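Asks: okay, sequence plus prediction incoming.
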Amino acid sequence: MNLPQRISLLEKLGIYMRSQDSEWLEAKKRASLENGWFIPPFIENAIAQIAEHWLQRKALEEWATGENIGLENRTPKKIGLVLAGNIPLVGFHDWLSVFISGHHSLIKTSSKDRILIEHLVGKMIQWEPSLQNEMNFADRLTGCDGYIATGSNNSSRYFEYYFSKYPHLIRKNKTSAALLTGTETKEELEKLAEDVHLYFGLGCRNVTKIYVPAQYDFIPLLEAFKKFSWLSDNHKFKNNYDYNLALYILNKQFYMTNGTILLIEDTSLFAPVSQLNYEFYSDKNTLLSSLANHPDLQCLVGNDERLIPFGNSQIPALTDYADGSNTLAFLNKKMLN
């Protein structure tokens, strides 16, 4: 298939993902039953982001053109993909990058997120049977020309060793933070609530740390976050909240809560499920300079032209690459040289 044909097929996939097709509805139901973190609202949110922002003809054409993906095929390489499973379809962008660049993929899914991606790839093959030798799943990746792998900091060291002889792109743990000034509106704080709570905070683009000025009033923030009080109905989330709360009570450590999320003063960017860390700052520009190119930060959210707007951390464009590593450039240049 040439590039225009691939884009047309992807556009068809986007339409399918927004449909009420019975097979697709069943796949989404099974995905939710298999992973307790993949509740239907969050599955639908992930699907809408992909279908509405990525699988659009204009967006795909601009993305491919920007990286000089040729209209005609070149000799494809086999790319091994190790996908994460922390949020629904989190590995879709890597698969999409391989497909639109004309390469073949051998995919190792996470046991936590296999149903949706396997169904969508299977649907593509059903529409275009010639793809059956170009997109496959495997428990073990061998015989590939290059690798793209996402995992924890520990597993990334294994990936670096195992794939060292081949062109590779290895991603480690990331998280996101927000910078607040105390002048945010109720609407902005409610949008920040989405950045914090979507996917139970398990994504690398979820805000797990906020920076606030001295004397910051946390009450409006906690009130705005009640928008997601329903998360406590999920037993996995509630168990995490109860456990963390018990620890802080036993240790006599200061905390704030609205009954759903814990606010803890902590310098760490990473926070456990049901917790949001905060830290005070004195000068905004000094803080921004210290956070620029921070190795653990995926997104920095705030009401500043240099930052991602509130509510937008989970709406990445096709060019918002994980780790800042341009996947398409890797596939189109390094893999073809």
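Replies: Received the coordinates, thanks.
Asks: leaving out chain neighbours, which residue sits closest to A178?
Replies: Leaving aside its chain neighbours, A178 sits nearest to V301 (4.1 Å; criterion: CB to CB, 6 or more residues apart in numbering). For every residue, glycine as well, the C-beta is placed using N, CA and C.
Asks: CA-only coordinates of the one helix or strand the one you found maps to in CSV, if you can.
Replies: Assigned by DSSP states H and E, V301 belongs to strand 297-302. This file holds the C-alpha atoms of strand 297-302, laid out as CSV (Å, rounded to 0.1, in the frame of the first residue of the first chain):
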residue,chain,number,x,y,z
LEU,A,297,8.5,15.4,32.9
GLN,A,298,6.2,14.7,29.9
CYS,A,299,3.9,17.8,30.2
LEU,A,300,3.9,21.0,32.2
VAL,A,301,0.4,22.5,32.5
GLY,A,302,-0.6,26.0,33.4
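Asks: and that strand, what other elements does it pack with?
Replies: strand 175-179, helix 284-291 (3 or more CB pairs under 8 Å, 6 or more residues apart in numbering; DSSP states H and E).
Asks: give the buried residues for the longest one.
Replies: Yep, that's helix 284-291 we're talking about. Going by neighbour count (16 or more other CB atoms under 10 Å), the buried part of helix 284-291 is 287-288, 291.
Asks: and that helix, what does it pack onto?
Replies: Helix 284-291 packs on strand 175-179, strand 297-302, going by 3+ CB pairs under 8 Å, 6+ apart.
Asks: returning to what we had before: how much space is there between the residue nearest to A178 and K209?
Replies: V301 is 10 Å from K209, where distance means CB to CB, to the nearest Å.
Asks: what do these two both touch?
Replies: 176-178 (CB atoms under 8 Å, 6 or more residues apart in numbering).
Asks: thinking again about what came up before, turn the buried residues of helix 284-291 into JSON lines, including pLDDT and distance to S313.
Replies: JSON lines is the format used below for the buried residues of helix 284-291 (pLDDT from 0 to 100; distance: CB to CB, whole Å):
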{"residue": "L287", "pLDDT": "97", "distance to S313": "18"}
{"residue": "L288", "pLDDT": "96", "distance to S313": "17"}
{"residue": "L291", "pLDDT": "97", "distance to S313": "15"}
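Asks: give me the low-pLDDT residue ranges for the stretch 201-337 of the chain?
Replies: For the stretch 201-337 of the chain, the stretches with pLDDT under 70 are 334-337.
Asks: okay, strands next: where are they in the stretch 201-337 of the chain?
Replies: 207-213, 256-257, 262-265, 275-281, 297-302 (DSSP state E, counting those that start in this stretch).
Asks: do the same with the stretch 51-200 of the chain
Replies: In the stretch 51-200 of the chain, the strands defined using DSSP E, counting those that start in this stretch lie at 78-82, 104-108, 135-137, 146-150, 168-171, 175-179.
Asks: the closest residue to N73 other than its chain neighbours and Y211, how far apart?
Replies: Leaving out its chain neighbours, the residue that sits closest to N73 by CB to CB, 6+ apart is G102, at 5.5 Å. Taking CB to CB as the measure, G102 falls 43 Å from Y211.
Asks: circling back: between the helices and strands packed on helix 284-291, which one is closest to G70.
Replies: With CB to CB, the closest approach to G70 among these belongs to strand 297-302: 30.5 Å.
Asks: which non-adjacent residue is nearest L288?
Replies: L288 sits nearest to R306 (CB to CB, 6+ apart), 6.6 Å away.
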